[in-house]
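[1] I'll drop the sequence and a predicted model, then ask my questions.
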Amino acid sequence: MKQFEEKKFNIPELKGISAKTIEEHLKLYAGYVKHLNLVHEIVENSANPEYARRETYRRQAFEFDGMRNHEYYFESFEGGPKVVSEESALYKKIVEWTGTFDMFMTIFKNLATTRGIGWAMLGYDKKTDRLIQYWVDEQHFGHLTGVSPVLALDMWEHSYVADYQPSGKKQYVEDFFANLNWSKIEENFENAK
């Protein structure tokens, strides 16, 4: 059985998000990869494969989505911060959807500060040719079928509490966008189309 492999990310120094937080966060990501491989190993090596398969596949969505969500998140920092190109297809689609890029940012940041743990996501639905923002509880409750992730903002406390404390959630969101490499987000959008 082919194993899932932990990706390596080249993340520069970030504004407000410490190297220690990134280091600990990457360990969590590595755990998702490890446990996803364990899910598959259990199914393959079980004395009662049908029972194991049914029960373990329940866990698969959490581990798989935890792995992929974090890959979108960490990749968005690679290469350092870059502003969104007003000439990009993503920028034009955002403006078509919300009227202005600033309005999109207001809407998305509002979503990100939802109470509780989860992910603020921006995705693209190819079937309707539209951007959709959505909230994913935990790692897997809330993903929209057929919607490809474009932007993933981790709002689990492990991603910000060490640097910001619980009361600093809004500043973490601001710093996330200050560190964001929009060319990577634009690439995600192009790949989704």
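    Perfect, I can see it now.
[2] so what's the residue count around L122?
    Neighbour count of L122, defined by other C-beta atoms under 10 Å: 23. All C-beta spots, glycine's among them, are computed from the backbone N, C-alpha and C.
[3] one more: E87?
    8.
[4] quick one: secondary structure of it?
    Counting by DSSP: H, G, I helix; E, B strand; the rest coil, the backbone at E87 sits in coil.
[5] do the one 5 residues further on as well
    At K92, secondary structure determined by three-state DSSP is helix.
[6] cool, S148 as well?
    Recorded secondary structure, S148: strand (three-state DSSP).
[7] and the pLDDT for it?
    pLDDT recorded at S148 is 97.
[8] skipping its backbone neighbours, what lies nearest it in space?
    Of all residues not flanking S148 in the chain, A192 sits nearest, at 3.6 Å (C-beta to C-beta, 6 or more residues apart in numbering).
[9] so what's the residue count around the one you found?
    A192 has 16 neighbouring residues, counting by other C-beta under 10 Å.
[10] that one and K126 touch, don't they?
    Yes: A192 is in contact with K126 according to C-beta atoms under 8 Å; the separation is 6.7 Å.
[11] okay, buried residues for the helix or strand bottoming out on mean pLDDT in the chain please.
    Least confident helix or strand, the chain: helix 49-75 with a mean of 86, by mean pLDDT, DSSP states H and E. Across helix 49-75, burial judged by 16 or more other C-beta atoms under 10 Å covers 52, 56, 60, 62-75.
[12] and the residue lying closest to Y72 once chain neighbours are set aside, what element?
    Leaving aside its sequence neighbours, Y72 sits nearest to A152 (C-beta to C-beta, 6+ apart; 3.8 Å). Using DSSP states H and E, A152 sits within strand 147-154.
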